[in-house]
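In: compute the structure for the input listed below.
(chains A and B)
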Amino acid sequence: TQLLEQSPQFLSIQEGENLTVYCNSSSVFSSLQWYRQEPGEGPVLLVTVVTGGEVKKLKRLTFQFGDARKDSSLHITAAQPGDTGLYLCAGANNLFFGTGTRLTVIP
Amino acid sequence: ETGVTQTPRHLVMGMTNKKSLKCEQHLGHNAMYWYKQSAKKPLELMFVYNFKEQTENNSVPSRFSPECPNSSHLFLHLHTLQPEDSALYLCASSLHNEKLFFGSGTQLSVL
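Out: Down below sits the predicted model:
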């Protein structure tokens, strides 16, 4: 089993703060996906990272894939209440999902 | 609206009931998936179908029976479930196993 561990499990911050969440594994992945899931809805894909060391930006969100392709991070700058949700990483073509980070941004 | 529709949104059933979950996609995708999302556990892949053929069965108990009559429709037939099967069941589709599009899920409660 290719386990993906995410940290922190829960995160509550004030609007305007910056934050980073992590996705770690002992396995190497050819790609990793990041999803955000809002209450009552299914996950929505944010980004796919493929190359070791790759950095992708999506507005205030910055995604990085580790050089060894075993880990990834998501950094959010100036968090907004609309960023609230469950952030999930997935690997091996979506066969394995991480444990998730539940983010709450307080207005 | 993701293009993947799941019904019903909520379902309460007894352990002796038989029910079915339905998923439909209008995206022209070739692959469809069932996932189980329980509290405090990672999203678990249950089944994958590619061009109507089952390509993945992740050691799912036989009380869950999938059916994929065509590339646009996917069912999950449920019978003699246990309370621990209560969860959010998510359907997804993709084109050639790339980006997943999820439905809103069926919140299942087994009494």
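In: show me what from chain B comes close to chain A.
Out: Applying Cβ under 8 Å from any Cβ of the partner chain, we find that chain B lies next to chain A at B:2, B:4, B:33, B:35, B:41-45, B:56, B:90, B:92, B:94, B:97-105. Yep, even glycine has a C-beta here, placed from its N, CA and C like the rest.
In: in which helix or strand would I find A:Thr51?
Out: Assessed by DSSP states H and E, A:Thr51 sits outside every helix and strand.
In: what sits closest to it if chain neighbours are left out?
Out: Closest residue to A:Thr51 apart from its sequence neighbours, by Cβ to Cβ, 6 or more residues apart in numbering or on different chains: A:Phe65 at 6.7 Å.
In: up against chain B, what does chain A have?
Out: A:4, A:33, A:35, A:40-45, A:48, A:88, A:90, A:93-100.
In: of those residues, grab the buried ones for ChimeraX.
Out: In ChimeraX, this line selects whichever of the residues of chain A next to chain B come out buried by 16 or more other Cβ atoms under 10 Å in any protein chain shown:
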select /A:4,33,35,41,42,43,45,48,88,90,93,94,96,97,98,99,100
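In: in chain B, what residue lies closest to chain A?
Out: B:Phe102 (2.9 Å; Cβ to the nearest Cβ).
In: who's in contact with that residue?
Out: A:41-44, B:2, B:4, B:35, B:90-92 (Cβ atoms under 8 Å, 6 or more residues apart in numbering or on different chains).
In: what's the answer for B:Ser104, then?
Out: Contacts of B:Ser104 (Cβ under 8 Å, 6+ apart): A:40-42, B:6, B:9.
In: and the residue nearest to A:Thr51, how far from B:Thr80?
Out: As judged by Cβ to Cβ, to the nearest Å, A:Phe65 and B:Thr80 stand 44 Å apart.
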